[in-house]
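>>> need a structure here:
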Amino acid sequence: VGKYLNGYRGEEVYVPPGWDRWFAYMTAPTYYNYSIYDDRRGRLTYTRSPSDYSTDVIREKAAAFIRNTDAGRPLFLIVTPFAPHGTFIPAPRHEGDLATAPVSLGPAVNEADVSDKPGYIRGLGLVDPSTVRTRTRRQWETLLAVDDLVGEISAALRETGRAGNTLVIFTSDNGLSNREHRWGQKYVPYDESIRVPLIMRLPGEIPMGSVSRTLVSNVDLAPTIADFAGVSLSADGVSLRPVLTDGALSARGAVLLEHVEAGEAVPTYCGVRARSFMFVRYATGEEELYDLARDPHQLRNVVSSRPTKARELRNLTRSLCQPVPPGFSW
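Numbers count the residues shown, from 1 in each chain. Here you go, the predicted structure:
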């Protein structure tokens, strides 16, 4: 229910096999003025009416699927709202709710000295901090409707007797830089872009309130779901169940970072995010290395002053980044 890639964009509608219900954007995802493909009703067109606010439409369809599925039947549901993508448009009921909320900006915002950063960062200028704060508040306001969505799905699980045995996963596909290192999008290997929220709930299995700081990747979600469901799955990634239920301290030693330049300023790169370091090499030959224990905001590139660590992580990147992205070479 919701975003499937970035919509069909006029192409023939394809519904992957195995789904009982399919309710996905046909046009590019947005908050208003979009089309949805409903496998039971065909193309549905939504306008600028407040009732057509996309997060709410997705919320209603997702909750209805839970409530209309026999309570004794297992179900699998993916809910993917467009929020908090820009241009940021809150639901009418939330417009202005956070207009005066305080927004603290970290030391990487408008980074003063970017001389040790790659060329695509060095070419960026500074931005007005008030613009960054306004943008952040608008993002937050779009997420208030996502809060409502999560609340109604949780209510539907309780009402149908599923709350006690349903694995719930709340996450995102990418982070977003908010002018940290002067950058204002995704694509980059910095933490603001590569880190995402990950909250998982399964009463009786995952201890309430437990927190793990182990490195995980989105490719670990499918193996984790399969493990809890008691089925085998051959896929990339590892099951996080030992971390979630048995207190295992680690799931993986590093996460591979890859990017292919596709019209934006960021060159193609390969890199790794380890627990205490991030290393990246660009197709331009530029490299970055950050000691995250000493420099969590990634302000000081130590690739030249830490040659042994750089060599270690460069070799690890070589082993993991296979095959290399198009246009990249060592």
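>>> Helix, strand, or coil at the residue nearest to Arg40 when sequence neighbours are not counted?
Using CB to CB, 6 or more residues apart in numbering and skipping residues adjacent in sequence, the residue nearest Arg40 is Arg21, 7.7 Å away. From N, CA and C alone the C-beta is placed, and that goes for glycine too. For Arg21, the assignment made with DSSP: H, G, I helix; E, B strand; the rest coil gives coil.
>>> burial measure for Arg21, as a count.
Neighbour count of Arg21, defined by other CB atoms under 10 Å: 17.
>>> Could I get the pLDDT score of it?
pLDDT, Arg21: 95.
>>> hang on, isn't it packed against Asp39?
Yes. Contact criterion CB atoms under 8 Å: Arg21 and Asp39 qualify, at 6.5 Å.
>>> list the helices and strands the top helix by length along the chain packs on?
The single longest helix within the chain, with elements called by DSSP state H, is helix 129-159. Helix 129-159 is packed against helix 54-67, strand 168-171, with contacts defined by 3 or more CB pairs under 8 Å, 6 or more residues apart in numbering; DSSP states H and E.
>>> Show me what counts as buried in it.
Within helix 129-159, the residues that count as buried by 16 or more other CB atoms under 10 Å are 132-133, 135-146, 148-149, 152-154, 156-157.
>>> for stretch 303-320, same thing?
303, 306, 309-310, 313-314, 316-317.
>>> Need those in CSV (columns: secondary structure, pLDDT and distance to Ala71).
Listed next are those as CSV, based on DSSP: H, G, I helix; E, B strand; the rest coil; pLDDT from 0 to 100; distance: CB to CB, whole Å:
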residue, secondary structure, pLDDT, distance to Ala71
Val303, coil, 98, 56
Arg306, coil, 98, 57
Lys309, helix, 98, 54
Ala310, helix, 98, 56
Leu313, helix, 98, 50
Arg314, helix, 98, 54
Leu316, helix, 98, 48
Thr317, helix, 98, 49
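>>> quick check, nearest of the residues you listed to Val280?
Thr317 (8.0 Å; CB to CB).
>>> so who does that closest one touch?
256, 270-272, 279-281 (CB atoms under 8 Å, 6 or more residues apart in numbering).
>>> can you pull the contacts of Tyr190?
Per CB under 8 Å, 6+ apart, neighbours of Tyr190: 108, 177, 180-181, 183, 278, 298.
>>> repeat that for 7 Å
177, 180-181, 298 (CB atoms under 7 Å, 6 or more residues apart in numbering).
>>> What separation do you get for it and His181?
Noted for Tyr190: a distance of 6 Å to His181, by CB to CB, to the nearest Å.
>>> now swap in Pro207 and tell me
37 Å.
>>> Looking at these two, which one has more neighbours?
Comparing Pro207 with His181 by other CB under 10 Å, the one with more neighbours is His181, at 22 against 11.
>>> these two touch, right, the more buried one and Pro107?
No. Between His181 and Pro107 there is no contact, the gap being 10.6 Å when judged by CB atoms under 7 Å.
>>> Number of residues surrounding the closest residue to Val150 other than its chain neighbours?
Leaving aside its sequence neighbours, Val150 sits nearest to Phe170 (CB to CB, 6+ apart; 6.9 Å). By the measure other CB under 10 Å, the count of residues near Phe170 is 14.
>>> residues contacting Phe170?
Taking CB under 7 Å, 6+ apart, one finds 150, 197, 199 in contact with Phe170.
>>> Closest one of the residues you listed to Asp116?
Pro197 (29.6 Å).
>>> Return the residues in contact with that closest one.
170-172.
>>> between the residues you listed, which is closest to Pro17?
Using CB to CB, the contacts of Pro197 come closest to Pro17 at Thr171, 24.2 Å.
>>> Okay, helices next: where are they in the stretch 151-300 of the chain?
For the stretch 151-300 of the chain, the helices defined by DSSP state H, counting those that start in this stretch occupy 191-194, 221-229, 241-246.
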